[in-house]
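Asks: Below is the sequence, then the predicted model.
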Amino acid sequence: AWRRDARHQGARTRCEGGLAGNRRFPAPGSRRVGSAVSRHQSGRRGCALRDGRADPAFAARVGADLARVHAGTAGKAEIAARFKTDDIFHAIRLEPYLVATARAHPDLAARFDALVETTRSTKRVLVHGDFSPKNLLITDREILMDSRVTLIDYEVGHFGDPAFDIGFFLSHLILKASRS
């Protein structure tokens with residue numbers, strides 16, 4: 001079971017500071033995040049994805065925002081130094097997903113082990129680590145393209161492989177679609 005500990009809190013603080021300059025992904029605790037959370041929790045807006053509505057242009061905008069975070073932190077030693085959170089990332093993402101799957105499917109273990117090693121050793125950009133629809137808060141706008149998007153839930157933030165954010169998001173969508 002995952003526990004919040006001092007390392008988690010430190011990673012969250014470092015990640016919040018790392019994303020604070022991005023106008024679409026402000027740091028938690030800012031007024032914009034509080035506003036988005038309160039609107040989201042009020043129930044005035046349904047979940048478009050849950051309701052079967054997907055807007056490719058809106059998805060492209062969110063993807064472009066993530067790409068700006070990745071590009072803006074690429075190869076920056078000062079960011080990498082602030083995000084030495086590999087132990088948290090391994091415990092929360094690599095172990096329960098890839099390592100556990102390798103154990104459950106010995107015939108595929110070599111492939112999963114290689115993926116774990118590549119993911120663990122690649123240090124390129126600031127990675128959110130939990131980039132999925134549930135961590136995108138959208139303000140109450142009738143037209144999605146006019147909505148403000150706020151990225152939340154930074155406890156798995158680390159300096160790593162940008163492919164992880166994309167793969168995590170896509171796997172979330174594929175699993176949801178396969179259960180529909």
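Replies: Cool, got the structure.

Asks: all strands for this protein, in order.
Replies: 125-127, 136-138, 149-151, 158-160 (DSSP state E).

Asks: pull the helix or strand with minimum mean pLDDT from the protein.
Replies: The weakest-scoring helix or strand in the chain, judged by mean pLDDT, DSSP states H and E, is helix 31-42 (a mean of 34).

Asks: picking up where we left off before, between the strands of the chain, which gets nearest to T85?
Replies: T85 sits nearest to strand 158-160 of all these, at 4.5 Å, using C-beta to C-beta. In short, each C-beta sits where N, CA and C put it, glycine included.

Asks: Mind listing residues that contact the closest one?
Replies: Strand 158-160 has contacts (C-beta atoms under 8 Å, 6 or more residues apart in numbering) with 11, 73, 79-80, 83-86, 88-89, 119, 122-127, 129.

Asks: Show me the one of the strands of the chain that comes nearest R111.
Replies: Short answer: strand 158-160, nearest of the strands of the chain by C-beta to C-beta, at 19.4 Å.

Asks: Compute the number of surrounding residues for L173.
Replies: Neighbourhood size, L173 [other C-beta atoms under 10 Å]: 14.

Asks: next one: E117
Replies: E117: 12 surrounding residues under other C-beta under 10 Å.

Asks: the helices in this protein, which residues?
Replies: Along the chain, counting by DSSP state H, helices occupy 6-19, 31-42, 56-73, 77-82, 86-89, 100-104, 109-121, 162-179.

Asks: Buried residues in the fifth one, which are they?
Replies: Translated: helix 86-89. Using 16 or more other C-beta atoms under 10 Å as the test for burial, helix 86-89 gives 88-89.

Asks: Would you confirm that L126 contacts I79?
Replies: Yes - L126 is within contact range of I79, at 5.5 Å (criterion: C-beta atoms under 8 Å).

Asks: Have a look at the two and say which one is more surrounded.
Replies: Using other C-beta under 10 Å as the criterion, L126 and I79 rank with L126 on top: 25 against 17.
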